[in-house]
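Novice: Whatever this is, show me its structure:
(2 chains)
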Amino acid sequence: MNQEDLLENERVEKILSPHPLSFMRLQSLCIFLIVWGVLIGWLVNFSEYKDFFNNEWYVILVWGLVLMLVGVIASLVTIRWSIFFFYLGVFAGGVGLLLWQNWQDNIGVFIPFYTVAFSIIGFLIVELYRRSHKYIISNLRVIFKGGVVTKRERTLRYDKITDIDAKQGILGQIFGFGTIIPISQSGFGLGSDKSFAAGGVSLGEKKVKFLGLFGGGKDVQTPRARSYYELHGVHPYKEVKKIVENLVQGSVITPYQQEQVAYQKEQVDIQKQMRDLLKKQAELKEENEQENMDEEEN
Amino acid sequence: MASSPVDIVIFAPLAPILGVLLFWFIQLLFIESQKYLLSKIWEKHKPLCRFTNFLGVLFQTICHALGYTVTRSGISQFEITVDYGKVSPKKEKGGAFEWLSNSFLLFGPFFIPPLLLLICLYFLVGGLEFSVPDIIKLQEDLYFSFAGQMNVFGHNLFNFSEKFFDFLLNIDFLHPAHLGFILLIIFLGMGIRPSYIGKEKQEKVNMIYDLKNIKNHILQKPLYIILLFLFTYLIFYLFFGLEQRWFHIPFSIFGWLSIIAIISLLITQAIILLIKITDEIPNPWKFLPYLNIPISYILMRTFFLYYFIDFAKKGSLLIMILSTVLVIILLLKYKTNKFKTKTDMKKLKKVEDGADESGRPVRK
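Specialist: Reported below is the predicted structural model:
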């Protein structure tokens, strides 16, 4: 961070970026591609089932089916259809390239190499994405910076933080990183989990039909933010958490401090009342003196 | 030769139990040496040690949960972290149920991970079967004697070990299932232990601690142990009455599990030892042994593809291991002060700034 970006009396406490393993969700998509690429290569070229794959369309079919199946399962589990579309893209790209270049005869080499190459590119993109994150913790605020192409920046003052959500997965516990989500007064840092259940019923024979649909939904508020707007996978987690909590605590008035402020306010009010009384007393005294002087003159 | 009644009534059922206990104790010793090695690399490889802790805790917690499920106590809370695991039952059950679920917690971590490996082995190796040696088949009474039981137990262990070692020696790292199995052996081998090595190195959780826990568990309810023994004896008498030769089967499985666990622990320890030794080698040379493992294996397999020999897989494995050991020895000799003669050491001592004339690091 440049010196000119800092505010008056601002001091940088820590500059952080996510741990290399903190984006394991994305990296695992690429790991699967590597494993599947190697496995399909072995199945088609070396295994006892290689005769089954003499027809190149069987290779494409098995390769694509497994990709789609894993894509659908992963999408359903994580409720992210982008995973499915990612694998669909890999499959479509592979088939497109294969047909375009007429590499059907070398399918046993092309499919594994293409899959592994795609996963390596995926790894590089994830790494680029990870490196685009930068979190600056100063004594006045937290600055979240990021973006590969479009640059984003979020600044959060400690006195605006109402809650801190911190989580550490198993990998985080092993490698000492974790995610800290500061929730602002405006609710930034909160997401919602929605679940919906529906049931349908159909009654009647050919002519008379009755169709009913009933269902219900539930909405649960949960701390959630994009990795650009949270301290995602920061290391060392415990130390960073303590720093942030101390800084937030330092910006919040404690009950004792609130009591002291109220007491001081009361003191000021009393002093003001006393000043007014003294003023009035002085005025009365002055008036009396004036009256006495007038009487003496008369 | 007829067995004596005393032998049949008292000693014969004891034979496989003693065999299982012996192998379990050997397993315990290997676990202890693994914990010792892990404590040695704790400072430099905290994530790895935490990972092994997590695996240990994971198996322990799963076994505890399994215990509550088997005793129909239900599970109200299931929590695992790197440092500890917690399982709470839905219904607090006392007596035998509590004892059984605690037994799962104490003994499960020794046998559940190797059981998973045994299932994989069943599909990979095939032909894992229980048998009775011919000599015992010929003399009918011999099976129901101490010597006969020992013989059958040993015979089954030998048969299994033969197949298992043959599989390990002929393992094909270029076969996904074999590679997966070896990775699983390493993965599970790190978690075969009933207690973790502790967040801090100083914490003393050793074999004595484990044995003390087991002793307390047994002494807490000695009646259940006596009942268990009685049940085993009853089963033996039942088989004797029905002239069925199945008594050795469950004990043989436990023996197999111990053998798998011991091999798994040995492989894991070899890896921990490799990590410990390479820590002494300066960067970037320390990565050379790790690179040598896949490169030498693939090179040898490619070589044997063109110059085919019958023992290509065994040869490749052997050359991979030997070349890795050689690379480590050479690196230790030329990049550290290990294997240095006295005169060399004196010469090195003269240099004060942490490196000798040739730039090698000097241990101060």
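
Novice: and the closest residue to chain A within the stretch 101-250 of chain B, how many residues sit next to it?
Specialist: For the stretch 101-250 of chain B, the residue closest to chain A is B:Pro176, as judged by CB to the nearest CB, at 5.5 Å. In this view, the C-beta of every residue, glycine as well, is placed from N, C-alpha and C. Neighbour count of B:Pro176, defined by other CB atoms under 10 Å in any protein chain shown: 17.

Novice: One more: the one 4 residues further on?
Specialist: For B:Gly180, the count of nearby residues is 15 (other CB under 10 Å).

Novice: Could I get the average pLDDT for the helix or strand hosting it?
Specialist: According to DSSP states H and E, B:Gly180 maps onto helix B:176-189. Here helix B:176-189 scores 91 as its mean pLDDT.

Novice: now do stretch B:308-317
Specialist: Mean predicted lDDT for stretch B:308-317 stands at 89.

Novice: Pull out the buried residues from it.
Specialist: Neighbour-count burial for stretch B:308-317, counted by 16 or more other CB atoms under 10 Å in any protein chain shown, picks out B:312-313, B:316-317.

Novice: and the stretch 151-298 of chain A, which residues reach chain B?
Specialist: A:170, A:173-176 (CB under 8 Å from any CB of the partner chain).

Novice: of these, buried ones?
Specialist: By 16+ other CB under 10 Å, these give A:173-176 as buried.

Novice: At the contact with chain A, which residues of the stretch 101-250 of chain B appear?
Specialist: Close to chain A, as judged by CB under 8 Å from any CB, the stretch 101-250 of chain B has residues B:174-176.

Novice: Closest to B:Ile62 out of those residues?
Specialist: B:Pro176 (26.0 Å; CB to CB).

Novice: Out of the residues of the stretch 151-298 of chain A next to chain B, list just those in strands.
Specialist: Among these, no member is found in strands (DSSP state E).

Novice: Now intersect the residues you listed with the helices, please.
Specialist: A:170, A:173-175 (DSSP state H).

Novice: Find the closest residue to chain B in the stretch 151-298 of chain A.
Specialist: Closest contact between the stretch 151-298 of chain A and chain B, by CB to the nearest CB, is at A:Gln173 (4.0 Å).

Novice: gap between the nearest residue to that residue once chain neighbours are set aside and B:Tyr209?
Specialist: Closest residue to A:Gln173 apart from its sequence neighbours, by CB to CB, 6 or more residues apart in numbering or on different chains: B:Val82 at 4.0 Å. Note on B:Val82: its distance to B:Tyr209, by CB to CB, to the nearest Å, is 19 Å.

Novice: residue boundaries of the strands in the stretch 51-200 of chain B?
Specialist: B:75-80, B:85-89 (DSSP state E, counting those that start in this stretch).

Novice: Make a markdown table from those strands and add mean pLDDT, mean neighbour count and distance to chain A to it.
Specialist: What follows is the strands of the stretch 51-200 of chain B, written out as a markdown table (pLDDT from 0 to 100; neighbours: other CB atoms under 10 Å in any protein chain shown; distance: least, CB to the nearest CB, whole Å):
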| stretch | mean pLDDT | mean neighbour count | distance to chain A |
| --- | --- | --- | --- |
| strand B:75-80 | 86 | 13 | 8 |
| strand B:85-89 | 85 | 19 | 12 |
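
Novice: could these go into JSON lines alongside distance to A:Ile83?
Specialist: Below are those laid out as JSON lines (distance: least, CB to CB, whole Å):
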{"stretch": "strand B:75-80", "distance to A:Ile83": "26"}
{"stretch": "strand B:85-89", "distance to A:Ile83": "30"}
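
Novice: Show me the one of the ones you listed that comes nearest B:Phe303.
Specialist: Smallest distance to B:Phe303 across these (CB to CB): 45.8 Å, for strand B:75-80.

Novice: Contacts for the closest one next, please.
Specialist: With contacts defined as CB atoms under 8 Å, 6 or more residues apart in numbering or on different chains, strand B:75-80 is touched by A:170, B:54, B:57-58, B:61, B:65, B:68-69, B:85-90.

Novice: which residues does B:Glu92 contact?
Specialist: By CB under 8 Å, 6+ apart, the contact set of B:Glu92 is B:Ser73.

Novice: any idea which helix or strand carries the closest residue to B:Ala96 other than its chain neighbours?
Specialist: Excluding the flanking residues, the one nearest B:Ala96 by CB to CB, 6+ apart is B:Tyr224, at 6.2 Å. Per DSSP H and E, B:Tyr224 falls inside helix B:222-242.

Novice: Buried by neighbour count: which residues of the very next helix or strand once past that helix qualify?
Specialist: Sequence-wise, the next helix or strand downstream of helix B:222-242 (DSSP H and E) is helix B:248-278. The neighbour-count check on helix B:248-278 (16+ other CB under 10 Å) flags B:248, B:251-265, B:268-269, B:272, B:274-278 as buried.

Novice: How many residues are close by the residue nearest to A:Ile31 when sequence neighbours are not counted?
Specialist: Distances taken as CB to CB, 6+ apart put A:Ser119 closest to A:Ile31, at 7.4 Å, once the chain neighbours are dropped. Using other CB under 10 Å, A:Ser119 has 21 neighbouring residues.

Novice: Does A:Ser119 touch A:Ser28 like I think?
Specialist: No: the criterion here is CB atoms under 8 Å, and A:Ser119 misses it with A:Ser28 at 10.7 Å.

Novice: element containing B:Val325?
Specialist: Residue-wise, B:Val325 maps onto helix B:312-335 under DSSP H and E.

Novice: could you give the angle of that helix to helix B:248-278?
Specialist: Using axes from the mean of the first three to the mean of the last three CA atoms, to 10 degrees, one finds that helix B:312-335 and helix B:248-278 are set 30 degrees apart in direction.

Novice: which residues are in contact with helix B:312-335?
Specialist: B:169-172, B:274, B:277-278, B:280-282, B:285-286, B:288-289, B:292-293, B:296-297, B:300-301, B:304-305, B:309, B:338-340, B:360-361.

Novice: Give me the buried positions along it.
Specialist: Neighbour-count burial for helix B:312-335 flags B:312-313, B:316-317, B:319-320, B:323-324, B:327-328, B:331-332, B:335 (criterion: 16+ other CB under 10 Å).

Novice: just for chain B, where's the confidence low?
Specialist: Within chain B, the ranges that satisfy pLDDT under 70 run B:1-2, B:138, B:140, B:194-208, B:341-364.

Novice: Minimum distance to chain A, which residue of it gives it?
Specialist: Evaluated by CB to the nearest CB, chain B has B:Val82 as its residue closest to chain A, separated by 4.0 Å.

Novice: Now name the helix or strand holding the residue lying closest to B:Ile225 once chain neighbours are set aside.
Specialist: Using CB to CB, 6+ apart and skipping the chain neighbours, the partner closest in space to B:Ile225 is B:Ile218 (5.5 Å). Applying DSSP H and E as the criterion places B:Ile218 in helix B:207-220.

Novice: picking up where we left off before, which residues touch the helix holding B:Tyr224?
Specialist: Contacts to helix B:222-242, defined as CB under 8 Å, 6+ apart, come from residues B:8, B:12-13, B:17, B:96, B:99, B:144, B:218, B:245-247.

Novice: Quick check: closest non-adjacent residue to the residue nearest the centre of chain B.
Specialist: Residue closest to the average C-alpha location in chain B (CA atoms, centre = their mean): B:Ala261, at 2.5 Å. Spatial nearest neighbour of B:Ala261, excluding adjacent residues (CB to CB, 6+ apart): B:Pro114 at 4.3 Å.
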